[in-house]
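> Structure, please.
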Amino acid sequence: MSTKAAIVQKTKAPNEHSIDETIAHDAGVLSGQLQVLFEKLFSPNARKELRRFSSAEAARLLGVTDSYVRHLATQGDGVTSEKTSGGRRTFSLEEVNAIRHQLSRTKPSYLPGRRQGDHLQVIAVTNFKGGSGKTTSSVHLAQYLALRGYRVLAVDLDPQASMSAMLGFQPEFDVGENETLYGAIRYDDDRRNVSEVVRKTYFPGLDLIPGNLELHEFEHDTPTALADTSRNESEMFFMRVGNALQSLEGDYDIVVIDCPPTLGFLTLSALCAATSVLITVHPQMLDVASMNQFLAMTSDLLSVVKGAGGNLQYDWMRYLITRYEPNDGPQAQIVAFLRSLFGERVLTSMMVKSTAVSDAGLSKQTIYEAGRDTMHRQTYERGVESMDGVNAEIDQLIRSAWSRP
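Numbering: from 1, shown residues only. Predicted structure coming up:
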């Protein structure tokens, strides 16, 4: 036996597995422990529930005074509430919406959703640089809009399915085969109606099309479909997401799509389905350089799609600065640099890096779900103020697209 062979034989453990077996083992162990943790966090049924809101919070959501909300709660007329042990009134989101509908009888603007002639708003949130805050932005935007009375559909197109997990569905356990959007856009006979993959969430007014690793199949299937000259494919790949969502148009005001962090067929199809695009940017030079590559590649690919008949007319496109640290000088310089280049296409509000958002995320919650009493009051209020500023600006863009004052 050679010296080299002897060394290899000596160092290789008898029970050593190949790397694919090791990775499969670790994935199984981690998946099982995540499920145990999930069940502990959301026992007994491993399902999330939305907290109740104080009368002051309900008043802010409705745009009225705290005293008026409490007055309505004492008048009956379909408005219900609960009292805490301290005598304070609290409201579920369903009860807030009941007040919203009551107020709309005399002032229709209390119901902000689509009216006759308004088109479905489809917002694609994208960037192919990991850590840019894409999923955090998507989930908070979807919840913000639902809290204000819109009918919202969240679509998780990211195979990592972080949006699904945030909205109460573990991709490994709660989302089965053919239960993602892939089921409604696939190329074979197992294709199903998109309405069959929509899930109700614990968050009133917010539904979800969940994601999981199955979404990768679309990336694998599309080149085969494009290369198959025997197929009479009247629906190109870039039309499939838009066509699927079109059948749901009457059920929702706004669709928020969390795109994959790659520039593949899923992302291109989502961009062609969108009426608006939100690009998240972390203000670091490496991230900005990465975004430059993303924009160049996206432009080239979309020009090909446009030539093949893709519709690329958008109501708006905006850059959202995420994880911004106000006291970081270099970040401030990069933000100023981006504003000088892109002007109003950079949102005025920025998503400030917040421990409140991070702390809420430890229990798979957003800052809108976490109560004020779960963390330091000032930290919580700064986090909510930052999120509200960003999402209110996007809300105004939506209203402008509908020609609302």
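> Three-state assignment for residue 153, please.
What DSSP: H, G, I helix; E, B strand; the rest coil gives for residue 153 is strand.
> That one contacts residue 250, doesn't it?
No. Using Cβ atoms under 8 Å, residue 153 makes no contact with residue 250, being 11.7 Å away. To be clear about C-beta, it is placed using only N, CA and C from the backbone, and glycine gets the same treatment.
> Check which helices and strands the longest helix anywhere in the chain is in contact with.
Using DSSP state H to define each element, the chain has its longest helix at helix 377-401. Packing partners of helix 377-401 (3 or more Cβ pairs under 8 Å, 6 or more residues apart in numbering; DSSP states H and E): strand 121-126, helix 134-147, strand 276-281, strand 316-321, helix 355-361.
> Buried residues, that helix. List them.
380, 383-384, 386-388, 390-391, 394-395, 397-398, 401 (16 or more other Cβ atoms under 10 Å).
> helices and strands of this protein: which one bottoms out on pLDDT?
helix 3-11 (a mean of 44; mean pLDDT, DSSP states H and E).
> Now distance to residue 88, mean pLDDT and mean neighbour count too, for the helices and strands packed on helix 377-401, in a markdown table please.
Output for these, formatted as a markdown table (distance: least, Cβ to Cβ, whole Å; pLDDT from 0 to 100; neighbours: other Cβ atoms under 10 Å):
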| stretch | distance to residue 88 | mean pLDDT | mean neighbour count |
| --- | --- | --- | --- |
| strand 121-126 | 36 | 96 | 26 |
| helix 134-147 | 20 | 97 | 25 |
| strand 276-281 | 37 | 94 | 24 |
| strand 316-321 | 36 | 94 | 20 |
| helix 355-361 | 22 | 85 | 18 |
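> out of those, nearest to residue 72?
For residue 72, the closest of those is helix 134-147, at 18.0 Å, according to Cβ to Cβ.
> If I take the closest one and strand 121-126, what angle do their directions form?
Computed by axes from the mean of the first three to the mean of the last three Cα atoms, to 10 degrees, the angle separating helix 134-147 from strand 121-126 equals 160 degrees.
> what angle separates helix 134-147 from strand 316-321?
120 degrees.
> Kindly format the C-alpha coordinates of helix 134-147 as PDB.
Extracted in PDB, the C-alpha atoms of helix 134-147 (Å, rounded to 0.1, in the frame of the first residue of the first chain):
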ATOM      1  CA  LYS A 134     -36.800  41.900   0.200                       C
ATOM      2  CA  THR A 135     -39.000  39.500   2.200                       C
ATOM      3  CA  THR A 136     -39.100  41.800   5.300                       C
ATOM      4  CA  SER A 137     -40.300  44.600   3.000                       C
ATOM      5  CA  SER A 138     -42.900  42.400   1.200                       C
ATOM      6  CA  VAL A 139     -44.500  41.000   4.400                       C
ATOM      7  CA  HIS A 140     -44.700  44.300   6.200                       C
ATOM      8  CA  LEU A 141     -46.200  46.000   3.100                       C
ATOM      9  CA  ALA A 142     -48.800  43.300   2.600                       C
ATOM     10  CA  GLN A 143     -49.800  43.500   6.300                       C
ATOM     11  CA  TYR A 144     -49.800  47.300   6.300                       C
ATOM     12  CA  LEU A 145     -52.200  47.300   3.400                       C
ATOM     13  CA  ALA A 146     -54.500  44.700   5.000                       C
ATOM     14  CA  LEU A 147     -54.600  46.700   8.200                       C
END
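> How is the protein partitioned into domains?
53-110, 121-401 (automatic domain parsing).
> Buried deepest among those, which one?
Sort the domains of the chain by mean neighbour count, taking mean count of other Cβ atoms under 10 Å, and domain 121-401 sits at the top with a mean of 19.
> Can you give me the end-to-end span of that one?
Using Cα to Cα, to the nearest Å, the end-to-end distance of domain 121-401 comes out at 9 Å.
> do you know how far residue 126 is from residue 302?
12 Å (Cβ to Cβ, to the nearest Å).
> Now for these two: what residues contact both?
residue 271 (Cβ atoms under 8 Å, 6 or more residues apart in numbering).
> which residues of this structure fall in strands?
Remark: strands assigned in the chain by DSSP state E are 53-54, 82-83, 89-91, 121-126, 152-156, 199-200, 206-209, 254-258, 276-281, 316-321.
> And those: which comes nearest residue 191?
Evaluated over these, closeness to residue 191 peaks at strand 206-209, with 14.5 Å, by Cβ to Cβ.
> what's in contact with the closest one?
142-143, 146, 152-156, 163-164, 167, 169, 180-181, 194, 197-201, 252.
> give me that answer again for 6 Å
142, 146, 152-155, 167, 181, 197-201 (Cβ atoms under 6 Å, 6 or more residues apart in numbering).
> which residues does the closest residue to residue 335 other than its chain neighbours contact?
Leaving aside its sequence neighbours, residue 335 sits nearest to residue 283 (Cβ to Cβ, 6 or more residues apart in numbering; 5.3 Å). Applying Cβ under 6 Å, 6+ apart to residue 283 gives the contacts 321, 331, 334-335.
> Using a markdown table, please lay out these together with distance to residue 137.
As requested, the contacts of residue 283 are arranged in a markdown table below (distance: Cβ to Cβ, whole Å):
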| residue | distance to residue 137 |
| --- | --- |
| 321 | 10 |
| 331 | 17 |
| 334 | 18 |
| 335 | 16 |
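> Let me know whether residue 305 touches residue 236 as I believe.
No. Applying Cβ atoms under 6 Å, one finds residue 305 not in contact with residue 236, separated by 8.3 Å.
> Run through the bridge partners of the nearest residue to residue 134 once chain neighbours are set aside.
With sequence-adjacent residues excluded and distances taken as Cβ to Cβ, 6+ apart, residue 134 is closest to residue 280, at 4.9 Å. When assigned by DSSP bridges, residue 280 has beta-bridge partners residue 320.
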